[in-house]
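Novice: Based on what follows, work out the 3D shape:
(2 chains)
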Amino acid sequence: MVLGWGEQTPFMNVVVCVKQIPDPADPGALNPDHTLKRDGKLILDESDSYGVEMALQLVDKAGEGEVTLVSMAPNGEVSGLRTALAMGAAKAILVSDDALKGAGALDTAKVLAAAIKRVEGADLVLAATESSDGYTGTVPEQIAAILDLPSITFAKSVEIADGTVKVKRQTEAGYDECEAPLPALVSVTAGVVEPRYPSFKGIMAAKSKPVDQLTVADLGLDAAIVGWAGAGQEIIAVEAAPEREAGDVIEDDGEAHLKIVEFLDGLKVL
Amino acid sequence: MALSKVWVHAELTPEGTVAPISLEILAKAREIADVVEVFTGSDGSAVAAAAGSNGASKVLATGDLSGKIQGVHVAAALAAAIEGGDAPDLIMAGTTYDGRDIAARLSVKLDKPVLTNNTDIDVSDGIVVSTQIFGGSQIVKTKFSAGGPAIALFRPKSFVAAEVGPEVMAEVVTIAVPDTGAAGMAKMLNRHVEETTGPKLDEAAVVVAGGRGLGEAAKFDLIEDLAKSLKGAPGASRAIVDAGWVPYSYQVGQTGKVVKPTVYIAAGISGATQHMVGMKGAKNIIAINKDPEAPIFGVADLGIVGDVHKVLPKLLEALQGR
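Specialist: Numbers count the residues shown, from 1 in each chain, chains lettered A, B, ... in the order given. Purely as a prediction, here's the structure:
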């Protein structure tokens, strides 16, 4: 893998892994083989808008460089990529291949890592901590492992200085100050930065920014090790979870707070 | 058909004790395997007593990693032990930050899949884990089919910790951490722990949580005051954490904490599926929201359709008067 060093040039080339997902506002549905339905338009995962924005700001601060997007999606989907390109990313690599149906986290990481390897001079790889439709939360670290990069996950702030990425890593009770030498991979939490809205100019420019569409074979990967074939898992059942029953719903007539006190009293928590 | 051997991640809290989630998973591991051992990215002595009294026979310890971010190092040590012939059938950890990092690195080293966010496991016919999707409305059962070891992460409070007996020390064995080169160079320089008073959010018997319906950050004081008067912990929806009203440590939900208190009061929270996943297990739920269609009313034992700005101050006053 050809990776540059941020300290020796004013350049900062950042690769951002982005996922294009079914609109979370629509109810989710499963295919007969229990995979998530991904037929309609797929939009940029909101979690990834933070990574894209962070990358744009880091490149801006460095003075020179560019943001390259990498995404794996079915049906040659580019809608989500165009949104990120409209924000200011320079170009994208999309991997789209029917052989990837049923892919699990590990093979997704293999595909994305192979795509990232094609980006010359990358100093930093950014990703969200988890996708908003899958929530597995291991793909960024798996990519780092495949690319043999140091990584810092769950970043709530990211800075670059002297060839080092400095991160405030979120913890359950606060944060840890961490650092790693570049090149590195960092996964970012929501709130790491406020994402910009694409401008009209950005949206128009995005239409002609390069999107390199690749298949599994283009990446030099064996179709037999990805998708359902490579997932190492099979879904054997999907069943409805036991539903929680709702109790009384009352309208506040100015005295509802007394009902709450009564309820709490009955539970002996007062 | 019990498994021969399971390894469980013994994660340390900032205070140096074994994390509750590790003890919960250890209890389940005991049910499904003949031999249970724990592994830790720390000095084994910190873990030996809790591991032993919760049923583990051995602690595989890397020793103190001196601030190095542990995922890559623990995974390398485990992979080396496995390559040396000591392979378990299954590796279990919490769906925590370090658990995810270790499992991810190990999955690549072993070229084996990892499944996270599981809430149950069954080994009667292969290794089958259960996870919930679509806001917890559907349970998906997935069987590992790539051969061992299977790598599975579990959500907090999926199981109940249970000591086997008093004061049993597990045997501590040091596992060598191979050199990981540049990939192992991420490190922690300083730890910052937020000052909190009152019970921990994921352990409190009463949780009072606020959401966007509060209107503005300053109104979160109502939540803090109410939590305090009930000797509970304040919590928050992801929306207001992302908006910066309260720190991430307050967040309840899919990407926040899982809570199972005696009472969960949701004020100004609509009940987005990813929030419900974090609190549906509460024994009793009270919801206050001005929208009668809010999904939270579908799970509340007592639902109040009303303005939180009117109900909460009156509730606080009534409680303080007792």
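
Novice: Alpha carbons of stretch A:229-238, in CSV - could you do that?
Specialist: The C-alpha trace of stretch A:229-238 is given here as CSV (Å, rounded to 0.1, in the frame of the first residue of the first chain):
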residue,chain,number,x,y,z
ALA,A,229,-20.1,-17.8,0.5
GLY,A,230,-17.5,-16.1,2.7
ALA,A,231,-19.7,-14.9,5.6
GLY,A,232,-19.1,-18.0,7.8
GLN,A,233,-22.6,-17.6,9.2
GLU,A,234,-26.1,-18.6,8.3
ILE,A,235,-29.3,-17.1,9.5
ILE,A,236,-31.5,-19.9,10.8
ALA,A,237,-34.5,-18.1,12.1
VAL,A,238,-36.2,-14.7,12.3
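
Novice: could you give the mean pLDDT of it?
Specialist: Mean per-residue pLDDT for stretch A:229-238: 90.

Novice: Would you mark the buried spots in that stretch?
Specialist: A:230, A:231, A:232, A:233, A:234, A:235 (16 or more other C-beta atoms under 10 Å in any protein chain shown). To be clear about C-beta, it is placed using only N, CA and C from the backbone, and glycine gets the same treatment.

Novice: out of those residues, which one sits closest to residue B:112?
Specialist: Closest approach between these and residue B:112, by C-beta to C-beta: residue A:232, at 6.4 Å.

Novice: pretty sure the closest one is touching residue B:112, no?
Specialist: Yes: Residue A:232 lies in contact with residue B:112 (C-beta atoms under 8 Å); the separation is 6.4 Å.

Novice: quick one: common contacting residues for these two?
Specialist: Shared contacts of residue A:232 and residue B:112, defined by C-beta atoms under 8 Å, 6 or more residues apart in numbering or on different chains, are found at A:106, B:146.

Novice: which among the buried residues of stretch A:229-238 are in contact with chain B?
Specialist: Contacts with chain B within these, as defined by C-beta under 8 Å from any C-beta of the partner chain: A:231, A:232, A:233, A:234, A:235.

Novice: biggest separation within the residues you listed, which pair?
Specialist: A:232 and A:235 (12.3 Å).

Novice: got a pLDDT number for the closest residue to residue A:244 other than its chain neighbours?
Specialist: Nearest residue to residue A:244, sequence neighbours excluded (C-beta to C-beta, 6 or more residues apart in numbering or on different chains): residue B:299, at 4.7 Å. For residue B:299, the model assigns a pLDDT of 94.

Novice: my guess is residue B:299 meets residue B:271, correct?
Specialist: Yes: between residue B:299 and residue B:271 a contact is recorded at 7.0 Å, counting by C-beta under 8 Å.

Novice: what is in contact with those two at once?
Specialist: In contact with both residue B:299 and residue B:271: residue B:287, using C-beta under 8 Å, 6+ apart.

Novice: Which residue, other than its chain neighbours, is closest to the residue of the stretch 201-322 of chain B found nearest chain A?
Specialist: When scored by C-beta to the nearest C-beta, the stretch 201-322 of chain B has residue B:306 as its residue closest to chain A, at 2.7 Å. Nearest non-adjacent residue to residue B:306, counting by C-beta to C-beta, 6+ apart: residue A:252, 2.7 Å away.

Novice: which residues touch that neighbour?
Specialist: Listed by C-beta under 8 Å, 6+ apart, the contact set of residue A:252 reads B:304, B:305, B:306, B:307, B:310, B:311.

Novice: Parallel or antiparallel, list what pairs with the helix or strand where residue A:238 lies.
Specialist: Taking DSSP states H and E as the definition, residue A:238 sits inside strand A:233-240. Paired neighbours of strand A:233-240 in the sheet (DSSP bridges): strand B:138-144 (antiparallel).

Novice: what comes into contact with the partner strand?
Specialist: In contact with strand B:138-144 (C-beta under 8 Å, 6+ apart) are residues A:30, A:34, A:232-241, B:113, B:115, B:119, B:122, B:125-133, B:150, B:152.

Novice: And for residue A:81, the neighbour number?
Specialist: 25 (other C-beta atoms under 10 Å in any protein chain shown).

Novice: what's the distance between it and chain B?
Specialist: 24 Å (C-beta to the nearest C-beta, to the nearest Å).

Novice: would you list every one of the helices in the stretch 51-200 of chain B?
Specialist: Counting by DSSP state H, counting those that start in this stretch, the stretch 51-200 of chain B has helices at residues B:71-83, B:97-110.

Novice: now chain A
Specialist: Applying DSSP state H to chain A gives helices spanning A:46-62, A:79-87, A:105-116, A:139-147, A:200-206, A:227-231, A:256-266.

Novice: Quick check: which of those is buried the most?
Specialist: Of these, the one with the most neighbours on average (mean count of other C-beta atoms under 10 Å in any protein chain shown) is helix A:139-147, at a mean of 27.
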